Structure formats: structure tokens, C-alpha cells
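Enquirer: Here is my input, please return the structure:
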Amino acid sequence: MSTTTVPTEAPAEQTTASTTPPRRVRGRSERSRAASLASHGILTVASLVALFPIAWLVYLSLGPDKDDYLHPGRIWSKMSFDNYAFVLQDTNFFEWLKSSLIVSLGTTVIGVMVAATTGYAVSRMRFPGYRKLMWVLLVTQMFPIAVLIVPMYQILSDLRLIDNYLGLILVYCSTAVPYCAWLLKGYFDTIPFEIDEAGRVDGLSPFGTFFRLILPLAKPGLAVAGFYSFITAFGEVAFASTFMLSDTKYTFAVGLQSFISEHDAQRNLMAATAVLVAIPVSAFFYLVQKNLVTGLTAGGTKG
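Expert: Here you go, the predicted structure:
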């Protein structure tokens, strides 16, 4: 018997695959346009909130009358720089500037050096009571200024350092050193111990290793400590008004109080002086800003 094969029909035309490209999957680090707009909007609002007090202070400083702050809308039609001229010419502004810079820079230099040596010693050396030393430094920050003023005044009086720049610098160092020592201790912990060993192999003494190898690597941490010490001394009022008795030795913070009396307050002059006071602080911040973020983040990685 012969078998016959039935020819199969030709297959239908095959449908072509879709040419639509696949949807792109967004990575974890990428944000949608809505999220990006929302984050930029929040940052813009936060920036405006931060800048508004500064802009408002500058605006009030341009009002020539002491009561213009009660009617800020009237300032726009009579803006002038008379307040700045009065502060610069008819007050002890430059004496306040000199005193503030002497005290602030002195506190920064002495405080940072003491804190750096303390932090390095606790970070690298294991002597009896080294842990207790750091805790004692931390406990000193718990006492309020009102409790410390009387004994400090007695000590400075016995040392004849009342109305003396050095006395005020030492008082500010007692506040700045504990915090800066903790900060720098954490930063020194991030520097490999092998660097110290390499310095000893090269014949450096412990002090030589510290000053020639460790301190250059710790510039970000030193910048943060210096900025904190400078701001602490520059804006402090209670100690400066108690221990400095001469008008020519007032700091800016104390000098501002001269515009306030029992029955009057020259707020326009205070605003102008506050704007001028912010200039040296802003300049100091500009000098150390590159190292601030690095020092803060690195100093907090190890305790």
C-alpha cells in the first residue's frame, strides 16, 4: 500500500516583535522629577527661613530712628547709613573690635593647642586614668555659668587678672578645651597608628611626631575646634561683662549693652552694630569652611 502525504499549509505570517523599547528602571540613587522638585523646594524654603533674620536685621539697621522697628514699613522711604556712621565715629567700636579679636584669637590659639595635645595623648597613650580624664572634662560642661562666675572671679582676683585679656582668655579656654578635646580625640582616632610608628623609625621624638606628622593630617579637625573656640569667645556676654571693667576693654557682645539703658533702647544702633559684628565672624568662617564638614564627619566616626 502506498501512503500519501498531505502537504501542510504554509504558516501564517509571523507577527513582528514589538519595537517599543523596554521601560528604563530607575536606580536607587536616582530620583524622579517630582522628588527632585520637592527637595529643591524644601531647600529653597529652608534657605529663605535662614536668611530672613539676617536680611531683616540689615533692613532695620537702615532706619534712622530708634523706634523704626515698631513701624518697619516706614523705613523704606527714609533709608540711610547714619546708624553705621554713628557707630563707627561716635562709639568705641574699634576698641570693641580690638578686644574681641584679642580675646577670640587668644582663646582659639591656646584652647586648640591644649585640646589637641590632650586629645592626642588620650588617643595614643594608655596611662592610668586616661578614660576618667575625658569624663571629667565632659562633666565640667554640666555646670551653668551662674555657678562658675563667683569662684572664677575669686580666682582671677587672687591672680590679679580682673580686667585683663589673659584672665578672660583662660576663662574661655576652660569652656572650649573640654569640647575640643573630645572632638580632636575622635579625629586622632581616625589617623592610622602606623604614622606614629613611622615617625619613631625615622628618629622623631613624640613631640616631633605630633607636630610634624599628626597635626598636618588633622587640619580639618583643628579647623572645627578653632571655629568653635572663636565663636565661643566672640559672642559670650556673662563672663566678659563680669571680668572686664574698662569701657575700652569691652568685647562686642558687651559693647552692645551700652545702647540699652533703664528707660531707653537704641535698637537702630544695636542693629547696625550687630551687622558690623557679623563681618569678622563671616570672614573667619570663610577661611575654615573647607575643613569644617570633613572635620565634623571624621571626628564623629570613632569615640
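Enquirer: Excluding chain neighbours, what is closest to residue 161?
Expert: Leaving out its chain neighbours, the residue that sits closest to residue 161 by Cβ to Cβ, 6 or more residues apart in numbering is residue 167, at 3.0 Å. The C-beta positions use only the backbone N, C-alpha and C, and glycine is treated the same way.
Enquirer: Let me see the confidence value for residue 151.
Expert: Looking at residue 151, its pLDDT stands at 91.
Enquirer: what's the burial count for it?
Expert: By the measure other Cβ atoms under 10 Å, the count of residues near residue 151 is 10.
Enquirer: got it, and the one 3 residues further on?
Expert: Residues contacting residue 154 under the criterion other Cβ under 10 Å number 10.
Enquirer: Ok, the one 5 residues further on next?
Expert: A count of neighbours around residue 159, defined by other Cβ under 10 Å, yields 12.
Enquirer: residues contacting it?
Expert: Contact analysis of residue 159 by Cβ atoms under 8 Å, 6 or more residues apart in numbering lists residue 167.
Enquirer: Could you say which helix or strand holds the residue nearest to residue 161?
Expert: Residue 167 belongs to helix 165-188 when assigned by DSSP states H and E.
Enquirer: And the residue lying closest to residue 221 once chain neighbours are set aside, how close does it get to residue 220?
Expert: Sequence neighbours aside, residue 187 is the residue nearest to residue 221 in space, at 3.3 Å (criterion: Cβ to Cβ, 6+ apart). Per Cβ to Cβ, to the nearest Å, residue 187 is found 7 Å from residue 220.
Enquirer: higher neighbour count, these two?
Expert: Neighbour totals were compared for residue 187 and residue 220, and residue 187 leads with 30 against 20 (other Cβ under 10 Å).
Enquirer: Verify the stated contact: that one with residue 219.
Expert: No - counting by Cβ atoms under 8 Å, residue 187 sits too far from residue 219 to count as a contact (9.9 Å).
Enquirer: what's the closest non-adjacent residue to residue 241?
Expert: That would be residue 254: by Cβ to Cβ, 6+ apart, it lies 4.8 Å from residue 241.
Enquirer: Next up, the contacts around the one you found.
Expert: Neighbours of residue 254 in contact, by Cβ under 8 Å, 6+ apart: 96, 237, 240, 241, 244.
Enquirer: got a pLDDT number for the second one?
Expert: Among the per-residue scores, residue 237 shows a pLDDT of 87.
Enquirer: For it, which non-adjacent residue is closest in space?
Expert: Sequence neighbours aside, residue 253 is the residue nearest to residue 237 in space, at 4.5 Å (criterion: Cβ to Cβ, 6+ apart).
Enquirer: Run a quick neighbour tally on that neighbour.
Expert: So residue 253, with other Cβ under 10 Å, has 19 neighbours.
Enquirer: Now do the SS call for it.
Expert: Following DSSP: H, G, I helix; E, B strand; the rest coil, the label given to residue 253 is helix.
Enquirer: Pull the contacting residues for it.
Expert: By Cβ under 8 Å, 6+ apart, the residues touching residue 253 are 100, 234, 235, 236, 237, 240, 241.
Enquirer: now it: how far from residue 83?
Expert: 19 Å.
Enquirer: Hmm, residue 268 is touching residue 84, no?
Expert: No - using Cβ under 8 Å, residue 268 is not in contact with residue 84, being 10.3 Å away.
Enquirer: Pick out whichever of these two has more residues nearby.
Expert: Remark: of residue 268 and residue 84, residue 268 carries more neighbours, 24 against 17, as counted by other Cβ under 10 Å.
Enquirer: and that one, what is it in contact with?
Expert: 60, 61, 63, 64, 65, 66, 68, 69, 83.
Enquirer: Could you dump these into a markdown table with distance to residue 278, pLDDT and neighbour count added?
Expert: As requested, these are exported to a markdown table (distance: Cβ to Cβ, whole Å; pLDDT from 0 to 100; neighbours: other Cβ atoms under 10 Å):
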| residue | distance to residue 278 | pLDDT | neighbour count |
| --- | --- | --- | --- |
| 60 | 14 | 87 | 20 |
| 61 | 11 | 88 | 24 |
| 63 | 18 | 85 | 25 |
| 64 | 21 | 81 | 14 |
| 65 | 23 | 82 | 16 |
| 66 | 21 | 79 | 16 |
| 68 | 20 | 78 | 21 |
| 69 | 18 | 78 | 17 |
| 83 | 15 | 87 | 26 |
